[in-house]
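Asks: Sequence first, then the predicted structure:
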2 protein chains.
Amino acid sequence: MTRVISVNPTTGEELELEVEETTPEQVVAAANRAAHAARDVAARPLAWRAGLLRAMADQLEDDDAELVDLAMRETALTRPRLEGELRRTAFQLRFFADVVLEGSFLGVSIDHATDSPMGPLPDLRRVRVPLGPVAIFGSSNFPFAFSVPGGDTASALAAGCPVLIKAHPAHPATSQRAFAALARAAHAFDAPEGLLALVFGFEAGVALVEAPGVTAVGFTGSIPAGRALWARANARATPIPFYGELGSANPLVVTSAGAAERAREIGAGIAGSMTLGVGQFCTKPGLLFVPQDEPGDELVASLVNALDELTSMTMLTGGIADHFRLGAVAITGVDGNHHLVGGGAHQGTSVTAQLFEVPATLFADTSSAPLRDEWFGPLAVVIRYRSREELELALDAVSPSLTFSVFSAVKDDDAAWLLSVGQSKAGRVIVNGYPTGVGVSWSMQHGGPWPATTAPASTSVGAASIERWLRPVTYQSVPAALLPDALRDDNPLGVPQRVDGVAREVLATRLG
Amino acid sequence: MTRVISVNPTTGEELELEVEETTPEQVVAAANRAAHAARDVAARPLAWRAGLLRAMADQLEDDDAELVDLAMRETALTRPRLEGELRRTAFQLRFFADVVLEGSFLGVSIDHATDSPMGPLPDLRRVRVPLGPVAIFGSSNFPFAFSVPGGDTASALAAGCPVLIKAHPAHPATSQRAFAALARAAHAFDAPEGLLALVFGFEAGVALVEAPGVTAVGFTGSIPAGRALWARANARATPIPFYGELGSANPLVVTSAGAAERAREIGAGIAGSMTLGVGQFCTKPGLLFVPQDEPGDELVASLVNALDELTSMTMLTGGIADHFRLGAVAITGVDGNHHLVGGGAHQGTSVTAQLFEVPATLFADTSSAPLRDEWFGPLAVVIRYRSREELELALDAVSPSLTFSVFSAVKDDDAAWLLSVGQSKAGRVIVNGYPTGVGVSWSMQHGGPWPATTAPASTSVGAASIERWLRPVTYQSVPAALLPDALRDDNPLGVPQRVDGVAREVLATRLG
């Protein structure tokens, strides 16, 4: 039996928790309980699901002081940041309660029997049903919003799926406490045993992806870890969908006109965005394309000044800090780069911000790969371009990302083509804004082509993230008495229905 | 250089076509042309796409006599069947023109900037964009509807994606001729070079899945071929979505009350459904669960009589016929089965219908795997059950399928639970109807959990099949002048928009 250890990254102190790593057998048993609960939960009314999600939000808020204290100790993130993240997490759970009640996630379509040029068509009615138990791997950097009570959990429960959550080793005590809050709400709502499970340990994570009862995986983390688990999901006797939100270098392009208009403001803004949460955001702007001209120089100077004012920072874990330093070393080793900010040896979890500068022509060179990788933490590379051609070639060398930001002027000939490049490279394109905020809303897309995610059509934030956990079923010639409520002609649930090809005016009231 | 060979399955005659197998280098070049065309096509108006699809439908109808003659020679399918299939294919292209113009496939959502409990949210607007070039592998059994001019091609073009189609070796001449019709319509519509490509040969197929320019794959065919190509798609440096519609045994359950009500009618109906198109349907009912009682006996007798009246039939290829005979041999080798119809050696492409009968207890036994596999062709296994418990155990042993059919009486205690089992096992559940018809409509779901398909949330028929070829992008704080038309507040395209969480009444007129 191996006890789970909680590490304080600031002090290095290790605490043995009152819980053991979960064995593969225990994981399989939990997945079987979840499969059993899945049938029960799928049959419960939408209002029950919505009520459960709201109760979970309430419980998190009731427990906020204790949760934030635990998370501070385990992550070295600041109190305001963690309080804000907990508010966001509660908001997200309530948002999914709204999504459930609104009902368009069911994708209801009803075609009455009719004649067609291909002959008579029977009565056909389509609705999305829950996929089944979902395995969730939260991230190191968001102990609430992308972890136990986070978006994957909220959207899977909203879809009607039980969840089996792998506690992140960077914050096991916070995971345990947040899980207790969810479980308490579930108990109060008479949820079936098996709706929620929490597992600990590396082996348990692998077992989770391979457990026969699991029907899909949600993952937030690094490219290597994500790819390894994705390969396991594909190697199953019955492969399952794997939704991994992986790495992203997040290009940010400043046009010449944009730099001319407000160089200093943009430079300071980038410094704030790339060091937010010690740069430990999957949307941290890591590749900064800046014109090689006077306003560009001014922008870089402003960025350098802002970074130089920062003291050393504590990262989430020693392993993450080591990887960060590895990045600085790898980039330093690229001939022709200028190390603008950083340097100086640091130990343990302590690091300082790092900024490098290279010409666009060097960046476009295939031998300069370390420049283009994601380096998690407060590190960015400034890429200086002298012409649109140089910028185009350099952007061609960028891998797909979660985000693509453009800083431009009000009148700017370059904005349109940069947006079109951005659209081809990312799931979210931003004009004159920083990518690090990822709002929970109906219109958010937090995803992107491989390697930003393993599934380019999916999002892990926002209303559409519920679609990952659903599967459509068509009912053909099914008598009215046997139809699910959502598919009935009299629409007792008041959900949006497409009828004979026409989307009906929906009954939902204004949300949010 | 290897010339492509067209085989007449009825006579065995081989014809060398005026075309060579495509080399891997040619495939890569075609994919690069497609990637170039993708940007052009994505920028064209929706009305252009719809016009192109309609022109393709017109051209297929203009060329129908020649196309049907070629297909008859290559598939041994009947003239009425192929004429019907061509009508369906033209209808399908026009249906997707309607889907394009209706616009809800774009999934437009607009959230204006606002305050929220998580702080201020910027203006966020989400729309689906084309994924890029799509590789398409059509099926042997539908030379039009699931081949060159079929559903994958229609839905990918509707999504704004170029297509690269692998000609099926069972009907290369038909493929070539149908492609010429599509290309003619494309030329008349001033489509970019690279919008359409046709490739021939096994190696070309593999090269297509691996070509860097290809962004997704649509496949219809067998489990082994589909799994092999799926693994190739996953082994790429940049893995891509692979939408495979694979095998399916299609369980059909007759309840005791259903059999009591109309045993003979159901028996005769099943005979027609399982031998339609020589049983070469992915939705052929292959597992027939019939009660072990007098009405059940009568049903089976009626089924046997109807099958006994049929003469020998010609399958699509010698290889398919060999596999079919292998199935008959494998099932014959299962102790305890009764060979009710069939037997007698056949050669080449000629086969006779085959019907087997086993007790449900034998079927539920894990050693009886050949009974549960899909055997493409006019073959089915009758599974006789003596109780609900026996039926439940036998159904537990069934793999997920495209369809699940229930024949029940008007008042029938078993219908509800069987529908719920069906929903957990299949993408389409049918009451008192045969699974072999797959109507093109808004509400069709042609898919199912693995191994029925490689992607349980997708469909390969119906309006939602367009979703496979799209990827969402969110525009954040993008000035009005730079927004795509679909995302503008004044909605010049008249597409359905969700605005601030509320789905607006749509402007579409009634379709179909």
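Replies: Noted; the coordinates are in hand.
Asks: which helices and strands sit right next to the helix or strand hosting residue A:48?
Replies: Using DSSP states H and E, the element containing residue A:48 is helix A:46-62. If contacts are counted by 3 or more C-beta pairs under 8 Å, 6 or more residues apart in numbering or on different chains; DSSP states H and E, helix A:46-62 sits against helix A:79-102, helix A:151-159, helix A:172-188. In short, each C-beta sits where N, CA and C put it, glycine included.
Asks: Just want the angle from the last one to helix A:151-159.
Replies: I take that to be helix A:172-188. Angle of helix A:172-188 versus helix A:151-159, following axes from the mean of the first three to the mean of the last three C-alpha atoms, to 10 degrees, is 10 degrees.
Asks: Name the next helix or strand downstream of helix A:172-188, please.
Replies: Where DSSP H and E defines the elements, the next helix or strand beyond helix A:172-188 is strand A:196-199.
Asks: Go through the helix or strand following that following strand and flag the buried ones.
Replies: Downstream of strand A:196-199, the first helix or strand assigned by DSSP H and E is helix A:202-210. Within helix A:202-210, the residues that qualify as buried are A:204-210, counting by 16 or more other C-beta atoms under 10 Å in any protein chain shown.
Asks: Kindly report the same for stretch A:342-362.
Replies: By 16+ other C-beta under 10 Å, the buried positions in stretch A:342-362 come out as A:342, A:346, A:349-362.
Asks: can you give me the end-to-end distance of it?
Replies: Using C-alpha to C-alpha, to the nearest Å, one end of stretch A:342-362 lies 21 Å from the other.
Asks: domain ranges for chain A?
Replies: Using automatic domain parsing, the domain ranges for chain A come out as A:18-110+A:123-246+A:456-470, A:251-431.
Asks: Just say which of those domains is most tucked in.
Replies: Highest mean neighbour count among the domains of chain A (mean count of other C-beta atoms under 10 Å in any protein chain shown): domain A:18-110+A:123-246+A:456-470, with a mean of 22.
Asks: Please name the nearest non-neighbouring residue to residue A:449.
Replies: residue A:400 (3.7 Å; C-beta to C-beta, 6 or more residues apart in numbering or on different chains).
Asks: Please tell me I have it right and that neighbour contacts residue A:454.
Replies: No. Contact criterion C-beta atoms under 8 Å: residue A:400 and residue A:454 do not qualify, at 11.8 Å.
Asks: Let me know the secondary structure of the residue lying farthest from the centre of chain A.
Replies: Most distant from the centre of chain A: residue A:119, at 46.1 Å, with distances by C-alpha atoms, centre = their mean. At residue A:119 the chain is in coil, as set by DSSP: H, G, I helix; E, B strand; the rest coil.
Asks: Skip the chain neighbours and tell me the closest residue to the spatially most central residue of chain A.
Replies: Centroid-nearest residue in chain A, with C-alpha atoms, centre = their mean: residue A:460, separated by 4.7 Å. Leaving aside its sequence neighbours, residue A:460 sits nearest to residue A:245 (C-beta to C-beta, 6+ apart; 4.6 Å).
Asks: what sits against that neighbour?
Replies: With contacts defined as C-beta atoms under 8 Å, 6 or more residues apart in numbering or on different chains, residue A:245 is in contact with A:219-221, A:226, A:282, A:402, A:446-447, A:452-453, A:460.
Asks: and the helix or strand hosting residue A:266 with chain B, contact?
Replies: If you go by DSSP H and E, residue A:266 is part of helix A:256-275. No. Using C-beta under 8 Å from any C-beta of the partner chain, helix A:256-275 stays clear of chain B, with a minimum separation of 12.7 Å.
Asks: For the stretch 251-400 of chain A, which segments count as strands?
Replies: Secondary structure of the stretch 251-400 of chain A (DSSP state E, counting those that start in this stretch): strands at A:251-254, A:287-291, A:313-314, A:338-341, A:350-351, A:354-359, A:379-385.
Asks: between the ones you listed, which gets nearest to chain B?
Replies: Minimum separation from chain B across the strands of the stretch 251-400 of chain A (C-beta to the nearest C-beta) falls at strand A:251-254, 12.7 Å.
Asks: need the helices and strands packed on helix A:46-62 in CSV with distance to chain B and mean pLDDT, can you?
Replies: What follows is the helices and strands packed on helix A:46-62, written out as CSV (distance: least, C-beta to the nearest C-beta, whole Å; pLDDT from 0 to 100):
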stretch, distance to chain B, mean pLDDT
helix A:79-102, 4, 97
helix A:151-159, 11, 98
helix A:172-188, 17, 98
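Asks: Nearest to residue A:379 among those helices would be which one?
Replies: Residue A:379 sits nearest to helix A:79-102 of all these, at 19.2 Å, using C-beta to C-beta.
Asks: is any part of the helix or strand just after that closest one close to chain B?
Replies: Sequence order places strand A:109-111 as the next helix or strand after helix A:79-102, per DSSP H and E. Yes. Remark: strand A:109-111 sits within contact range of chain B at A:109-111, by C-beta under 8 Å from any C-beta.
Asks: thinking again about what came up before, distance of the residue nearest to residue A:449 relative to residue A:423?
Replies: Separation of residue A:400 from residue A:423 (C-beta to C-beta, to the nearest Å): 11 Å.
Asks: Then residue A:408?
Replies: 15 Å.
Asks: same question, residue A:371
Replies: Taking C-beta to C-beta, one finds residue A:371 at 23 Å from residue A:423.
Asks: With residue A:393 instead?
Replies: Look at residue A:393 and residue A:423: by C-beta to C-beta, they are 19 Å apart.
Asks: Now do the same contact list for the residue lying closest to residue A:440 once chain neighbours are set aside.
Replies: Spatially, and ignoring its direct neighbours in sequence, residue A:440 is nearest to residue A:92 (4.8 Å; C-beta to C-beta, 6+ apart). Contact analysis of residue A:92 by C-beta under 8 Å, 6+ apart lists A:145, A:150-151, A:154, A:440.
Asks: Show the pLDDT at the closest residue to chain B within the stretch 201-350 of chain A.
Replies: Going by C-beta to the nearest C-beta, chain B is nearest to residue A:238 of the stretch 201-350 of chain A, at 5.1 Å. Residue A:238 carries a pLDDT score of 95 in this model.
Asks: so it sits right up against residue B:450, yeah?
Replies: Yes. At 5.1 Å, residue A:238 and residue B:450 qualify as touching, with contact defined as C-beta under 8 Å.
Asks: Pull up the overlap in contacts between these two.
Replies: Between them, residue A:238 and residue B:450 share no contacting residue under C-beta under 8 Å, 6+ apart.
Asks: picking that back up, right, and the helix or strand after the helix holding residue A:48?
Replies: Counting by DSSP H and E, what follows helix A:46-62 is helix A:64-75.
Asks: is that following helix up against chain B anywhere?
Replies: No. Judged by C-beta under 8 Å from any C-beta, helix A:64-75 stays clear of chain B, getting no closer than 13.2 Å.
Asks: Could you tell me the angle between the direction of that helix and that of helix A:46-62?
Replies: Going by the same axes, to 10 degrees, helix A:64-75 makes 70 degrees with helix A:46-62.
Asks: Off-centre distance for helix A:64-75?
Replies: Put simply, helix A:64-75 sits 21 Å off its chain's centre (C-alpha atoms, centre = their mean, to the nearest Å).
Asks: angle of that helix against helix A:79-102?
Replies: Following the same axes, to 10 degrees, one obtains 120 degrees for the angle between helix A:64-75 and helix A:79-102.
Asks: What lies in contact with helix A:64-75?
Replies: Contact with helix A:64-75 is made by A:6-9, A:60, A:77-79, A:82-83, A:86, A:141, A:143-144, A:170-174, A:177-178, A:181, A:316, as judged by C-beta under 8 Å, 6+ apart.
Asks: let's see 7 Å
Replies: A:6, A:8, A:60, A:77, A:79, A:82-83, A:86, A:143, A:170-171, A:173-174, A:177-178, A:316 (C-beta atoms under 7 Å, 6 or more residues apart in numbering or on different chains).
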